[in-house]
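>>> Please work out how this folds:
(2 chains)
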There are 2 protein chains.
Amino acid sequence: MHLPNLLTKRLLHLLGDHALLTDPADCLAYGYDNSRRQGRPAAVALPTEAGQVLELVRACREARVSITARGRGTATTGAAVPGENSLVVSFERMDQLVAIEPDDRLAVVQPGVLNGDLQQAAAAHGFFWAPDPTSAPYCTVGGNLACNAGGPRALKYGASRDNVLALAAVSGRGEAFRCGAATTKSAIGYDLARFLVGSEGTLALITEATLRLLPLPEARTGLRALYTDTAAAAAAVARIMAQPVTPSALEFMDGAALKLAREVGGADIGAGGALLMIEVDGRRDALADAGAAVSKAAHGQGLIELAASDDLDTLWQARRKLSPALRTLAPGKINEDVVVPVSRLPALISGLDALSARHGIPIVNFGHAGNGNIHVNLLHQPDDPRHVKAAPRCLADVFDLVLELGGTLSGEHGIGIDKRDFMARALDTESLALLHGIKAVFDPDGILNPGKLLPLSGLGTRDSGLGNARG
Amino acid sequence: MHLPNLLTKRLLHLLGDHALLTDPADCLAYGYDNSRRQGRPAAVALPTEAGQVLELVRACREARVSITARGRGTATTGAAVPGENSLVVSFERMDQLVAIEPDDRLAVVQPGVLNGDLQQAAAAHGFFWAPDPTSAPYCTVGGNLACNAGGPRALKYGASRDNVLALAAVSGRGEAFRCGAATTKSAIGYDLARFLVGSEGTLALITEATLRLLPLPEARTGLRALYTDTAAAAAAVARIMAQPVTPSALEFMDGAALKLAREVGGADIGAGGALLMIEVDGRRDALADAGAAVSKAAHGQGLIELAASDDLDTLWQARRKLSPALRTLAPGKINEDVVVPVSRLPALISGLDALSARHGIPIVNFGHAGNGNIHVNLLHQPDDPRHVKAAPRCLADVFDLVLELGGTLSGEHGIGIDKRDFMARALDTESLALLHGIKAVFDPDGILNPGKLLPLSGLGTRDSGLGNARG
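Coordinates of the predicted model:
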């Protein structure tokens, strides 16, 4: 848990002693994320400019000390949790909003800018940045880019990868580079900028981002639709997504989540098997028509009740309370954010019900139905020995189910440590070999966030039938 | 211009003699593209299934024979023109539309499916695929993906990279892999699927693509706005892009293009310095409002005339005739598709005017103004010795101008051979090193489309001030 002395001296010289934390007590606060894992970094660097980031990567590479980049630690996967003897590079002091260019619909930011602060600044010009994770007020743009964060409105506007134009970064080779362009169109070969998005700090440290802004809609309207069961709600989702008005949000709650929203969140909703919360945005004078088109699509077999919801905020608040409420109910809650093709939602939910019964672990589901991106919550009680034994098996079965349905392991949380060993189930042998090869190009000495995202070994893939690699 | 005998035997065994062309006369038709370069392939393979593609890449890798993948040869950059002793792999017989899944808003296609055929099939289900290059009726989806093709409606709906979900491919290592997922959201690390888009056949051969479909709009309406000069039109573009209704097309013609559209294309337009052709699509009952919002934004200083254009098709036809008309005027026409931030359009056009005057070469500009993506046409007369000398210098100055304005070399045509040597001006040393490293991971023996896209040497970058690398 100490840096080599020479490296410490070099970093102190580079950063100054107010920007290098070495006291274990100070460092501890930089060792966790929302996965509730806790690492113990050897030190924490707090750079204020890109030149310092470049020099510290060079110094760490020479000293063979690994680096974990950090926004505000809101990731749920352990991606921001450092290994032993690692240097955490926190971008909290690189929080400058460099520019907002309304004519070019873009913003230039340092990675430590909070998503919420960017939204406020952009709104003053009539714009927004699409990613809207629940943690928006206190998560950073750099962290959003690292894990390809999304949110409800990704359905209409895309996630982080879809809304980045250009990046400045420092590779694990200790070299600075710029990629992408401040334009919405580019066809000059391999797209490094979008490739870095979602790479969880394993390829390069982002020092500046040029982001695509979108014009704020004039108005929003809401609908809530209650169905007898999940299959009826899923069929409605498919109907809604097949007509031309794409909602700005199309959120799903299963029966258990619905009950919880009512009982814990205080939402005023009738009893039913599944709920859709639908938001439509756009021009004020076109909104009634757009809402009617979506409403028509929401109608169908199994609909109990469909109501325009002027008080959408209350419903959203109930929705936002679900995640913390579930943690209160089950302190060991495992929250995954799997994705399946929209048509497979009924099969996913019924499959999850079967797994819940088989393993004896309650599962509550809600999430971004329009993308097939469902937050699957295993209500794991850590002090119940049956749960402790059953939970990992149940989780593995959840991922197998998702992959069987043509889906993917994560829609917006990323992989980190928690899902790393399942990557070998999700990807074939050649893809894994290519990923490891690319990692070695960017980071030949493996100093950038080692042990995250990529399975520790390329062996043991879905194709080879060897099960998942655990190192 | 011959394959090694052993390889020919192996390919004949694999493909059958009706699917391997070796007669130079037969092969010649597979050696050109719309750059009007002509290569002489050693042979042409016409596989019908992914397994054959896998085996032929393995056979070529063992024999160290290079492969150039081919759609229908409509690229303008030489990307599909094979080098000497190369095998062309034409995907014309892998033209199956595997599936259209309306509930999941996706299509699964083999790479040889024509863009236009896909559009027809998707339209029967009420959907479309966003890329709409002028060559749509006779270019392939595989070719679109290879060069990240766009078109006018990329402004609202994105280009090829933005509309691909998953790919099956064979790497230059001679291994098959699948990447991406049939879902609109994914956060499982490095995004290989989108990375392959735009790679011009230098990393892998795509054998199947899962494409994101979008619901067809109910209706379209058009506006044409005539301005006194380019600066006035560019200011209108910025105003239009800053309000919430994103047009489905926002096309620009400068004064010279306008004159040509009138005289050659037969368009009924008044005299002016610049024209915007604006298309808005959406729900029928919301269209008038949306059109009014765009119309309001189009108004401003320098507007001569703004008219709703019911007969948008005539105007589009005039627009489509521009490119061939320019070739008639100047048989050596050099057509680039540079991009600048929208706010820099006036500086681009005035800079191009200055270059035209300095080098004595007429330049005509039109294109996708909403993206800042302008087709810059150097009317080069190959039998005028002054032109022959001045054209390459003028072209280099055009690219320097674009890069100075924060733009990029290509918006939708790609790099190929024609712009390869300018890549070292556009990218910094580290980016080039990373690109070369990644190429070596996918294609360690350099058999996939060598000499395209990447500059032949990593030396001579913009940063080093050595000018462009020419090998």
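>>> Roughly how far does the closest residue to residue A:379 other than its chain neighbours sit from residue A:273?
Of all residues not flanking residue A:379 in the chain, residue A:330 sits nearest, at 3.6 Å (C-beta to C-beta, 6 or more residues apart in numbering or on different chains). Where you see a C-beta, it was placed from the backbone N, CA and C, and this is true even at glycine. Taking C-beta to C-beta, to the nearest Å as the measure, residue A:330 falls 22 Å from residue A:273.
>>> who touches the host helix or strand of residue A:116?
Assigned by DSSP states H and E, residue A:116 belongs to helix A:115-123. Surrounding helix A:115-123, the residues in contact under the criterion C-beta atoms under 8 Å, 6 or more residues apart in numbering or on different chains are A:95, A:97, A:100, A:107, A:109, A:128-129, A:131-133, A:135-141, A:144, A:149, A:211, A:213, A:216.
>>> Make a ChimeraX selection of the buried ones in the residues you listed.
Those of the contacts of helix A:115-123 that count as buried under 16 or more other C-beta atoms under 10 Å in any protein chain shown are selected in ChimeraX with:
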select /A:95,97,100,107,109,128,129,131,132,133,135,136,139,140,141,144,149,211,213
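>>> three-state assignment of residue A:336?
Put simply, residue A:336 is strand when judged by DSSP: H, G, I helix; E, B strand; the rest coil.
>>> Same question for residue A:173.
Secondary structure, three-state DSSP: residue A:173 is coil.
>>> wait, what's in contact with it?
Residue A:173 touches A:61, A:442, A:443, A:444, B:430, B:433, counting by C-beta under 8 Å, 6+ apart.
>>> Identify those among the residues you listed that sit within helices.
Members of the contacts of residue A:173 lying in helices (criterion: DSSP state H): A:61, A:442, B:430, B:433.
>>> For the first one, list the residues it contacts.
Contact partners of residue A:61, counting by C-beta under 8 Å, 6+ apart, are A:172, A:173, A:174, A:445, A:447.
>>> isn't the third one right up against residue A:58?
Pointing back at residue A:174 there. Yes: proximity of residue A:174 to residue A:58 meets the contact threshold set by C-beta atoms under 8 Å, at 3.9 Å.
>>> higher neighbour count, those two?
Ranked by neighbour count (other C-beta atoms under 10 Å in any protein chain shown), residue A:174 and residue A:58 place residue A:174 first, with 20 against 16.
>>> number of nearby residues for residue A:287?
18.
>>> any idea how far it is from residue A:219?
Residue A:287 is 5 Å from residue A:219, by C-beta to C-beta.
>>> any residues in contact with both of these two?
With C-beta under 8 Å, 6+ apart, residue A:287 and residue A:219 have common neighbours residue A:281.
>>> ok, back up a step: among the contacts of helix A:115-123, name the ones in strands.
A:97, A:100, A:107, A:109, A:128, A:211 (DSSP state E).
>>> quick check, stretch A:354-372 touching chain B?
Yes: on the criterion C-beta under 8 Å from any C-beta of the partner chain, stretch A:354-372 is in touch with chain B at A:368, A:371, A:372.
>>> Quick check: the last one touching residue B:186?
No: using C-beta under 8 Å, residue A:372 is not in contact with residue B:186; the gap is 10.4 Å.
>>> Who has more neighbours out of those two?
residue A:372 (32 against 29).
>>> check contacts around the more buried one.
A:339, A:340, A:341, A:342, A:344, A:345, A:348, A:407, A:411, B:183, B:184, B:185.
>>> Now with 6 Å, please.
A:339, A:340, A:341, A:342, A:345, B:183 (C-beta atoms under 6 Å, 6 or more residues apart in numbering or on different chains).
>>> Doesn't the last one belong to a strand?
No: per three-state DSSP, residue B:183 lies outside any strand segment and is coil.
>>> what separates it from chain A, distance-wise?
Note on residue B:183: its distance to chain A, by C-beta to the nearest C-beta, to the nearest Å, is 4 Å.
>>> Excluding chain neighbours, what is closest to that residue?
Using C-beta to C-beta, 6+ apart, the closest residue to residue B:183 is residue A:339 (4.4 Å).
>>> Enumerate every residue touching the one you found.
With contacts defined as C-beta under 6 Å, 6+ apart, residue A:339 is in contact with A:372, A:373, A:407, A:408, A:411, B:183, B:185.
>>> How much space separates the third one from residue A:342?
In this structure, residue A:407 and residue A:342 are 10 Å apart, going by C-beta to C-beta.
>>> again with residue A:170
39 Å.
>>> Tell me where the model's unsure across the stretch 1-150 of chain A.
Within the stretch 1-150 of chain A, the ranges that satisfy pLDDT under 70 run A:1.
>>> Sketch out the helices for it, chain order is fine.
When assigned using DSSP state H, counting those that start in this stretch, the helices of the stretch 1-150 of chain A occupy the ranges A:5-15, A:24-28, A:50-63, A:115-123, A:141-147.
>>> Looking at those, which is nearest to residue A:267?
Evaluated over those, closeness to residue A:267 peaks at helix A:115-123, with 24.0 Å, by C-beta to C-beta.
>>> Show me the helices in the stretch 151-300 of chain A, by range?
A:154-157, A:192-196, A:230-241, A:255-263, A:287-298.
>>> For chain B, which of those helices is the nearest?
Counting by C-beta to the nearest C-beta, chain B lies closest to helix A:230-241 out of the helices of the stretch 151-300 of chain A; the figure is 4.0 Å.
>>> Point out the other helices and strands that that closest one packs with.
strand A:274-282, helix A:287-298, helix A:345-359 (3 or more C-beta pairs under 6 Å, 6 or more residues apart in numbering or on different chains; DSSP states H and E).
>>> Same list, the ones you listed, but as a markdown table with mean pLDDT please.
Shown next, in a markdown table, are those (pLDDT from 0 to 100):
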| stretch | mean pLDDT |
| --- | --- |
| strand A:274-282 | 94 |
| helix A:287-298 | 93 |
| helix A:345-359 | 94 |
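>>> just the ones you listed: most buried one?
Ranked by mean neighbour count, the helices and strands packed on helix A:230-241 are led by strand A:274-282 with a mean of 26 (mean count of other C-beta atoms under 10 Å in any protein chain shown).
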